[in-house]
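Asks: the sequence and its predicted three-dimensional model are supplied below.
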Amino acid sequence: MDTEPPVYKRFPRVGLGRRAAAFIVDYWVVSLLSSLAGDANRPGIELSQAILFVILWLGMRGILAMVNQGQSLGRWAFDMKLIETRFGRRPLLLDLAKREAIAGFGALLAAVGLTNVSPGDGTGILFLLPLAIDCSATLSDPMLQRTLHDRAAGTMVVATRRGFSLDLKLKHGYFKLRQAIDRQLQNRGRGDR
């Protein structure tokens with residue numbers, strides 16, 4: 001008889017906000033690097049940029065995660081890693097490729113949509129729908145909070161102690177800044193008397 005609890009009970013899950021922040025970090029880095037291949041005089045995404053985006057996306061979120069214990073740059077920045085749900089270990093490259101092909105397609109469509117948004121023409125926003133549908137699947141899975149690309153690949157994102165803790169450092173910096181501003185306001189209030 002197997003007495004070990006299932007993987008989803010052994011590992012701490014990560015909230016959707018932190019996962020979105022890690023996704024945005026990865027998306028921003030890949031978008032920035034792929035935009036270097038484009039022509040600055042022509043708006044929108046060219047074919048060469050789209051191909052470079054896909055290659056960089058699969059490289060950062062697939063190969064880098066494979067060699068870096070399930071962490072891409074964004075997941076490392078927010079103390080998360082990717083595991084397979086069956087055994088709780090780093091996913092195989094095929095599973096990562098399947099997962100990131102789905103997520104990358106949504107990210108690429110989002111990039112196309114965001115570069116084609118203009119005042120009076122909101123059709124570019126429609127390109128965000130596949131990514132929104134993919135990520136909204138977490139709402140129907142409160143136990144594991146898996147997206148459609150997680151379900152397709154049999155993976156889940158869990159918290160880890162290995163990383164940069166960017167969210168905690170930003171919170172700490174915000175509170176320090178807020179305390180400094182409050183002290184300045186208090187000192188000014190005393191000086192006016």
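Replies: Received, thanks. Numbering: from 1, shown residues only.
Asks: any idea what sits nearest the most centrally placed residue in the chain, other than its immediate chain neighbours?
Replies: Nearest residue to the geometric centre of the chain (CA atoms, centre = their mean): residue 23, 1.1 Å. Closest residue in space to residue 23, ignoring its immediate chain neighbours: residue 74 at 6.2 Å, by CB to CB, 6 or more residues apart in numbering. Where you see a C-beta, it was placed from the backbone N, CA and C, and this is true even at glycine.
Asks: where's the one you found relative to residue 82, distance?
Replies: For residue 74, the distance to residue 82 (CB to CB, to the nearest Å) stands at 11 Å.
Asks: ok, residue 91 next?
Replies: 6 Å.
Asks: overlap of the contact sets of those two?
Replies: Taking CB atoms under 8 Å, 6 or more residues apart in numbering as the criterion, residue 91 and residue 82 both touch 70, 99, 155.
Asks: closest to residue 190 out of these?
Replies: Residue 190 lies nearest to residue 70 out of those, by CB to CB, at 52.9 Å.
Asks: and that closest one, how many neighbours?
Replies: Counted with other CB atoms under 10 Å, residues neighbouring residue 70 total 24.
Asks: hey, where'd the strands end up in the protein?
Replies: 80-84, 155-159 (DSSP state E).
Asks: just confirm residue 11 contacts residue 159, I think it does.
Replies: Yes - at 7.4 Å, residue 11 counts as touching residue 159 under the criterion of CB atoms under 8 Å.
Asks: tell me where this protein has helices.
Replies: For the chain, the helices defined by DSSP state H cover 7-10, 16-35, 47-58, 64-67, 73-77, 93-115, 129-136, 148-153, 166-191.
Asks: mind listing what's buried in the longest one?
Replies: Going back to what we said before, that points to helix 166-191. Neighbour-count burial for helix 166-191 flags 166, 167 (criterion: 16 or more other CB atoms under 10 Å).
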